[in-house]
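[1] Provided below are the primary sequence and the corresponding predicted coordinates.
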Amino acid sequence: MNQTGPARPFTVGFDLDMTLIDSRPGIHATYLALSGETGTYIDADAAVTRLGPPLEEELANWFPADRLEAAADRYRAIYPTHAIAATPAMPGALAAVAAVRELGGRAIVVTGKYQPNARMHLDHVGIEMDAVIGWLWAEAKAEALREYGATVYVGDHVGDVRGAREAGALSVCVPTGPCGADELRAAGADVILSDLTELPAWLAEYAAAAEFAPLPRA
């Protein structure tokens, strides 16, 4: 059957931490466990206010350079034990992803998190994605966004704004993470929503205006 509308795919990318999931409780617990194992003080309360950049940037505040790689490896190894069950979905996350599918689109996650841990989070909260791409931060996220033809990227951090703009995608932001609405707007976000509960209505308007052709389904 022939489809009307442009041939470009309707794909929406999502960040993970503090966009789709509230990862603060699990990350806090993992930092405390790592601190206990290594004997190195980590201010977990402060660390969870700075979520977004790669793990190594935070660990560099607590570990010397010659111990940084080992500390990061150990953090990722113990992360599933301490973080997955403790981490809930953000309000509106499941409905936001479902809205993409209801419009015939494809939903992907592009995150700075270690990919296997990202998948475990999504499985735990019951969010099914068409693709999960990890270990990409800020402008580097554009690699995956371009590969999958994402026209929208939803995030909570100024790094997400930079990634969207680098990819030529619309930057849609929710101030549910460390960056407030004014900071996100100043960084160049195209759309600011109060949280993901507002995404389905916005997305319906956007898709209708753009006249995207639904992706073929198997």
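    That came through fine. What you see is a predicted model, and the numbers here were worked out from it, not measured in a lab.
[2] now for the lowest-mean-pLDDT helix or strand in the chain, which elements pack on it?
    When the helices and strands of the chain are scored by mean pLDDT, DSSP states H and E, helix 199-210 comes last with a mean of 91. Secondary-structure packing of helix 199-210 (3 or more CB pairs under 8 Å, 6 or more residues apart in numbering; DSSP states H and E): helix 93-102, strand 152-155, strand 170-173. (C-beta placed from N, C-alpha, C; glycine too.)
[3] buried ones in the first one?
    Put plainly, it is helix 93-102. For helix 93-102, burial by neighbour count (16 or more other CB atoms under 10 Å) applies to 93-94, 96-97, 99-100.
[4] That one packs against which elements?
    Here helix 93-102 touches strand 11-14, strand 106-110, helix 199-210, going by 3+ CB pairs under 8 Å, 6+ apart.
[5] now do 7 Å
    When contacts are defined as 3 or more CB pairs under 7 Å, 6 or more residues apart in numbering; DSSP states H and E, helix 93-102 packs onto strand 106-110, helix 199-210.
[6] So for Thr151, which of those sits nearest?
    Nearest to Thr151 among the helices and strands packed on helix 93-102 is helix 199-210 (7.4 Å), distances taken as CB to CB.
[7] what residues go with each domain of the chain?
    Under the assignment automatic domain parsing, the domains of the chain span 11-22+88-210, 24-83.
[8] Tell me which of those domains is the most buried.
    domain 11-22+88-210 (a mean of 20; mean count of other CB atoms under 10 Å).
[9] all helices for the chain, in order.
    Per DSSP state H, the chain carries helices over the ranges 24-38, 44-47, 55-59, 65-83, 93-102, 115-125, 141-147, 158-167, 181-187, 199-210.
[10] average pLDDT across the shortest one?
    The reference is to helix 44-47. Here helix 44-47 scores 98 as its mean pLDDT.
[11] tell me what that helix is packed against?
    On a contact count with 3+ CB pairs under 7 Å, 6+ apart, helix 44-47 meets helix 24-38.
[12] Now do the helix it packs on against helix 65-83, angle only.
    On the basis of axes from the mean of the first three to the mean of the last three CA atoms, to 10 degrees, helix 24-38 is oriented at 130 degrees to helix 65-83.
[13] angle of helix 24-38 against helix 115-125?
    Using the same axes, to 10 degrees: helix 24-38 against helix 115-125 is 130 degrees.
[14] list the helices and strands helix 24-38 packs on?
    Contact partners of helix 24-38 among helices and strands, from 3+ CB pairs under 7 Å, 6+ apart: helix 44-47, helix 65-83.
[15] ok, back up a step: so which of the helices and strands packed on helix 93-102 gets nearest Ala167?
    Once the helices and strands packed on helix 93-102 are compared by CB to CB, strand 106-110 is nearest, at 9.3 Å.
[16] Would you mind listing where the protein has pLDDT under the threshold?
    Low-confidence segments of the chain, defined by pLDDT under 70: 1-9, 211-218.
[17] which ones are touching the closest residue to Leu145 other than its chain neighbours?
    The shortest distance from Leu145 to any non-neighbouring residue, by CB to CB, 6 or more residues apart in numbering, is to Ala167 (3.7 Å). Residues near Ala167 by CB atoms under 7 Å, 6 or more residues apart in numbering: 142, 145-146, 150, 153.
[18] Also Thr111?
    Thr111 neighbours (CB under 7 Å, 6+ apart): 15-17, 118, 134.
[19] can I get those residues in CSV with distance to Leu199?
    Formatted as CSV, the contacts of Thr111 follow (distance: CB to CB, whole Å):
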residue, distance to Leu199
Asp15, 13
Leu16, 15
Asp17, 17
Ala118, 20
Gly134, 22
